[in-house]
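In: Need a 3D model of the following:
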Amino acid sequence: MKVQDYQNLQEQIEDIELNNNMQDYNAFIFWFIEVVFGLSPSKILDAICDGARDKGIDAVIIDDRERNVIIIQSKYERLGQRVQIKDSEIKLFATVKSYFSSRRALNAAIKNGNEVTKRLMKNAFDAIRKYNYTLELLFVTTHKKAPHLDNLVKNTFGFKENEFIIYDYDRIMQLYYDKMRDFTPSLGVYNLPLLDTDKLIIKTSPHKSWVISVRADEINLLVNKYSDNLFRKNVRNFLGKSRTNKKIIETLEKDPTNFWYYNNGITILCDQANVNMEDSLIRINNPQIVNGCQTVKSIQNYGGDLNGELMVRVIQSTDHEFINYLTLYQNSSNPVRNRDLKSNDPIQVKLKNEFKRKGIYYEIKRGEDYKTISKKYPSVKREFNGNVINNEHIAKCLAAIKLGPAIALRSGSDRFFGDDYHNIFDSSLSIYNCLSLDYLYDLIKNTYRGSGKRYYSFEKDWVFKNRALFYVLAFIYDSLGKDSNWEKDFVLFYDDPRREIKRNKFDRELIKVINKYFKYIYNTWDKVEYYNAYLQKMKTKKEINGKYKSDIKKLSNAVVQIFDDIK
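Out: Below you'll find the predicted structure:
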């Protein structure tokens, strides 16, 4: 784990601290509940009871959906991972379980507690004793975990799986990484029935894993419960009626007996799991399907009776690096693109969230394009109203100005989201960098729409213009410089409806310049060569600059003046 990452986590906690006027340790609890349970700020504030006379209880959550009570105790250390969790801290918190043995025991424990603690604990008692909710204790800290603590919790204090969970420094950092990759809050615990308990395979180290057989209809129930949230850690979502998916449906229909043999199965990643041999099920905490999305969604979409079985690998891990490699290698045997592998990258997720705040849907993952998602979820259509931008389009435009228009034209997404990814999508990239490109791209493209056969030497003149526009884009960016704030000024100007008249003037002036750039690119073109080959040569931009050096200089000055006028 990088020190910088922990500092970034602290900045998030400090933001919560300032926005809610609370102490840093309360802000840490707030951050934890928000990330793990996805509660609204008001519900989080109502759940926190940390303070004077809190009786060692920092927060109480009553989850009516999962029918359980979660009680949280936290220890926040700003430096992080400097000391180990103490046995005495675990022992003291473990006594909270005894509070629920009787009403008398609870009242004695909280007699001198603050009013918030009393209210929350009484509600928790009623949920457990009257309505049979389960009790879950969470010890949450930025301290590092001592190796013997699991044994202390299970064997000494007698807690069963998922009754007492410790979130130490490493696990907190895993939550941070998940948050930065836009993964859904924890999905809770799911009991997945399995077949042939005597034939399951268990691997105990370094990551505890199980290989089991599961009926297809049980997988259908799993995905029906969680829907697309089950695939947040996958590199892509369902791709629809592909050839492979049609074969999956065909096997379910015509040969379900052999489905187990023909299908590669699925892989479920989870925070924790354990097999209940007596009830023939595996209890999975926070399931995420990291391989097999096409199989699972095909099963869900199949309209007939589900009679087949399939192989399932369940892997327990909260190790950030291992999870990254697992997701990568689990999908490398199938036709997965580099863009898919970057779909959960923090830079893409950051841009997606920034675009969302601006009312724009940013497409970063196959199977989650706007057209597909808006049909499935009407709220998406209402929220974004057709305002969509695609990261492949942005990557090509960024490549044109950062790597050169020739590379943008002769390369594709595999390069942009592969070897050159961090050259194109650097960590400082903002939506203003992206939107300025998109707005100029549209303006340049609209310049020659309906202009007739101006570039008559080409059988399809629009093909030339669609490629040449990346050169125009690069020339404009060269004029304005890479280290200025013009991009944000330009986007804010273009988005301001009050400045429509001035924007129309801006468009007219810039279109004059754009047309001259097109003219110089066209006149420089070597008539012996096919236009596409010429525009894909690295020397082409230099040749244009060489032949029209003084004219390009004048155009560059004109561009600067036009953009200065909008400030």
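In: Let me see the ranges of the strands in the chain.
Out: Ranges of strands in the chain, per DSSP state E, are 59-63, 68-75, 134-141, 164-167, 189-193, 201-203, 209-215, 266-270, 272-276, 281-285, 288-291, 309-316, 361-363, 388-390.
In: right, and these - which one's nearest Gly412?
Out: strand 388-390 (13.5 Å; CB to CB). Heads up, the C-betas are built off the backbone N, CA and C, glycines and all.
In: quick one: average pLDDT of the closest one?
Out: Taken as a whole, strand 388-390 has a mean pLDDT of 93.
In: Pull out the buried residues from that strand.
Out: 388-389 (16 or more other CB atoms under 10 Å).
In: Run through who's touching it.
Out: The contact list for strand 388-390, computed with CB atoms under 8 Å, 6 or more residues apart in numbering, reads 355, 360-363, 369-370, 434-435, 438.
In: Identify, from those residues, the entry nearest to Ile219.
Out: So of those, ranked by how close each gets to Ile219 (CB to CB), first place is Asp369, at 24.8 Å.
In: Neighbours of Phe425, how many?
Out: Around Phe425 sit 24 other residues, with neighbours defined as other CB atoms under 10 Å.
In: got the contact list for Phe259?
Out: Here Phe259 is in contact with 216, 251-252, 308-310 (CB under 8 Å, 6+ apart).
In: where does it land on pLDDT?
Out: 92.
In: before we move on, what about the one 10 residues further on?
Out: You'll see Leu269 listed with a pLDDT of 93.
In: could you give the mean pLDDT of the longest helix belonging to the chain?
Out: The longest helix of the chain (DSSP state H) is helix 500-524. For helix 500-524, mean pLDDT rounds to 91.
In: who are the neighbours of that helix, in terms of helices and strands?
Out: helix 431-447, helix 461-480, helix 486-495, helix 540-547, helix 549-564 (3 or more CB pairs under 8 Å, 6 or more residues apart in numbering; DSSP states H and E).
In: Let's have those in TSV, adding mean pLDDT and distance to Tyr190.
Out: As requested, the helices and strands packed on helix 500-524 are exported to TSV (pLDDT from 0 to 100; distance: least, CB to CB, whole Å):
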stretch	mean pLDDT	distance to Tyr190
helix 431-447	93	36
helix 461-480	88	49
helix 486-495	91	44
helix 540-547	90	56
helix 549-564	93	55
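In: With Ser242 as the reference, name the closest of those helices.
Out: helix 461-480 (28.2 Å).
In: angle of that closest one against helix 549-564?
Out: 70 degrees (axes from the mean of the first three to the mean of the last three CA atoms, to 10 degrees).
In: Can I get helix 461-480 in CSV? Just the C-alpha atoms.
Out: Extracted C-alpha coordinates of helix 461-480, given in CSV (Å, rounded to 0.1, in the frame of the first residue of the first chain):
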residue,chain,number,x,y,z
ASP,A,461,-14.4,13.6,-49.7
TRP,A,462,-16.0,13.2,-46.2
VAL,A,463,-13.5,10.4,-45.5
PHE,A,464,-10.7,12.8,-46.0
LYS,A,465,-12.3,15.4,-43.9
ASN,A,466,-13.1,13.0,-41.1
ARG,A,467,-9.4,12.3,-40.8
ALA,A,468,-8.1,15.7,-41.5
LEU,A,469,-10.1,17.2,-38.7
PHE,A,470,-7.7,15.6,-36.2
TYR,A,471,-4.9,17.7,-37.8
VAL,A,472,-7.1,20.8,-37.4
LEU,A,473,-7.7,19.9,-33.8
ALA,A,474,-4.0,19.5,-33.1
PHE,A,475,-3.1,22.8,-34.8
ILE,A,476,-5.6,24.7,-32.7
TYR,A,477,-4.3,23.1,-29.5
ASP,A,478,-0.7,23.9,-30.5
SER,A,479,-1.7,27.5,-30.8
LEU,A,480,-3.3,27.7,-27.4
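In: For that helix, buried residues please.
Out: 461, 464-465, 467-477, 479-480.
In: Of those residues, just say which sits nearest to Val35.
Out: Closest to Val35, out of all of the buried residues of helix 461-480 and judged by CB to CB, is Tyr477, at 38.3 Å.
In: And the contacts of strand 388-390, which is the shakiest by pLDDT?
Out: Lowest pLDDT of those: Asp369, 83.
In: Spit out the contact partners of it.
Out: Contacts of Asp369 (CB under 8 Å, 6+ apart): 363, 390.
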